[in-house]
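In: For reference, the sequence and a predicted model appear below.
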Amino acid sequence: MRNLLLAGALAAALVLPAWAQADQSVSTYHAALDRSGRYIVPGLTYERARGLHLDPSFHSAFQGAVYAQPLYWRPTGSSAGMLVVATEEDEVYALDANTGAQIWKRALGAPVARSSLPCGNISPLGVTGTPVIDEAHGTLYLDAMVMRGDTPRHEIFALSLADGAILPGWPLDVGKALGGKFLPELQNQRGALALFVGKVFIPFSGHWGDCGAYHGIVVGVAKDDPAAAVSSFATRARGGGIWGQGGVSGDGKSLFAATGNTFGAIDWGDGEAVLRLAPGLARPTDARDFFAPSDWRELDNRDADLGGTAPIPIDAGARKLMLAIGKNGVAYLLDRDNLGGIGGALASGRVTSNVAVVSPAVWNGDDSVFVALQGKGARCPAGGQAQGLLALKIHAEPSPGIETAWCGSLAGNGSPIATTTDGRANPIVFVVGAEGDNRLHAFNGQTGEKLAEPAEAMRGLHHFQTLIATEDRLYVAADGTVYAFAF
């Protein structure tokens, strides 16, 4: 494979799928199905970012730990928006986005205690994966692990955003819908849900500790008719969980999932892979529709999942690419029209020297695409230090490849987002130092210069936590509260 660092300059402008405008809703993880984490915020220039501060007029309080990204919904024609927060207590809260006041609350059931599961590291376990909003119908979809009697179950809910009411026909019990193919106590739901062609797609992995015969599973449910036939995909080999918090991604034509390590696989069994999935979720069998590194067995043995982050589609003029980043810090650039089968990457190379499991953020430059990633840079430019955050620069011509643009200082494990004022100008990377210094950080996306680091440390942040951007605030969800930063 060609080394990523030998890439040349672009011949064509790089264009990614559409991303969230700041005055629109944030209806899904990282603002769009491509999981790019990009936002247009016209008023958020470099200078205004330097003045970031906690908004003293915003106060929120609720019960429960939060691992999911918050969502933001503004109904068409409304001047008021609401934040939606789901907790491990199996409770969903709608909060006034201006004040933090509670609008409604919905309890889904009793969460599952760690003692009721064979392994894991979250207790109680309720809602972990980020929900998704159907903006046209004002509906929120989510998966919750609930205790019914003495049995843990995964149930998929549809809630009205008007008042939190559970819609008729819901929830759907995944175990009952799939029968013996799905063992609820062994499957965990960490990845974000997705809406695509009239269906809700829910990815599953195992629990921390890799106990039992779990599989990487994607379930598809008709959003308007949960009683209809439920489609599903499952890895052939044991394991292969879809662990990344981005869940499944999409380019408007297909869904994509990245799977983790499998156990005891002599022949490749869908693990350590990027998979193209049609809406019916049939297993991809053509080499054009899957990719796995040639050393997949070694990655299995080392627990070096490829599935730590969701794959990201990138359009390079007429060239359609896919970026996948493995847990071992190796990045793979793929042809999205022909993923290449076993060993079929266009280019690959190590970009971090530590474990890479946090969702990246992506934005357009003048002649390339940039990707910000939490991690210690393996190849920082001269004078740069591998201190926790790096930006990659992707080239498509004369040959596909990646170089490290800059490295920055960060203490923590948050998932970054990127903002611009018009799609290109004033690119800013925002990230929280989750389980580190627990502060919000802002970096100049062009140079890596730190623009802001508000002195206020937050409490109750968990690793992988990401923030969202709206037209006048940044929001960070934490245990029992949401922090709002004004600029």
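Out: It's in. Numbering: from 1, shown residues only.

In: so Ala237 sits in a helix?
Out: No: applying DSSP: H, G, I helix; E, B strand; the rest coil, one finds Ala237 to be coil, outside a helix.

In: So Gly37 versus Ala324, what's the distance?
Out: 16 Å (C-beta to C-beta, to the nearest Å). For every residue, glycine as well, the C-beta is placed using N, CA and C.

In: Neighbour count for the two, which is higher?
Out: Gly37 (33 against 26; other C-beta atoms under 10 Å).

In: Give me the below-cutoff pLDDT ranges for the stretch 251-400 of the chain.
Out: Counting by pLDDT under 70, the ranges of the stretch 251-400 of the chain that qualify are 317, 383-386.

In: repeat that for 80
Out: 316-318, 366-367, 382-386 (pLDDT under 80).

In: How about the stretch 101-250 of the chain?
Out: Scanning the stretch 101-250 of the chain residue by residue, none of them satisfies pLDDT under 80.

In: what ranges do the strands span in it?
Out: 102-107, 132-134, 139-148, 151-160, 172-173, 194-196, 199-204, 217-222, 231-234, 249-250 (DSSP state E, counting those that start in this stretch).

In: Can I get those strands in TSV including distance to Asn301?
Out: Shown next, in TSV, are the strands of the stretch 101-250 of the chain (distance: least, C-beta to C-beta, whole Å):
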stretch	distance to Asn301
strand 102-107	43
strand 132-134	35
strand 139-148	30
strand 151-160	30
strand 172-173	36
strand 194-196	31
strand 199-204	23
strand 217-222	23
strand 231-234	22
strand 249-250	27
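
In: Leu389: which of these is closest?
Out: Distance to Leu389, taken as C-beta to C-beta, is lowest for strand 249-250 among the strands of the stretch 101-250 of the chain, at 21.7 Å.

In: Give the pairing partners of the closest one; include direction for each.
Out: strand 255-258 (antiparallel) (DSSP bridges).

In: beta partners for the residue nearest to Val351 when sequence neighbours are not counted?
Out: Distance criterion C-beta to C-beta, 6 or more residues apart in numbering; nearest residue to Val351, sequence neighbours excluded, is Ala331 at 4.8 Å. When assigned by DSSP bridges, Ala331 has beta-bridge partners Ile325, Gly349.

In: For Ala331, give me its contacts.
Out: 4, 323-325, 348-351, 392, 402 (C-beta atoms under 8 Å, 6 or more residues apart in numbering).

In: Try it again at 7 Å.
Out: 4, 323, 325, 348-349, 351, 402 (C-beta atoms under 7 Å, 6 or more residues apart in numbering).

In: Considering those, which is situated nearest to Gly109?
Out: Ile325 (35.3 Å).

In: Near that closest one, how many other residues are there?
Out: 28.

In: right, and Thr352 touches Gly377 too?
Out: Yes: using C-beta atoms under 7 Å, Thr352 makes contact with Gly377 at a distance of 6.5 Å.

In: For stretch 29-45, could you pull out the residues that count as buried?
Out: 29-41, 44-45 (16 or more other C-beta atoms under 10 Å).

In: scratch that, stretch 296-312
Out: Neighbour count says stretch 296-312 has 296-297, 299-300, 304-312 buried, by 16+ other C-beta under 10 Å.
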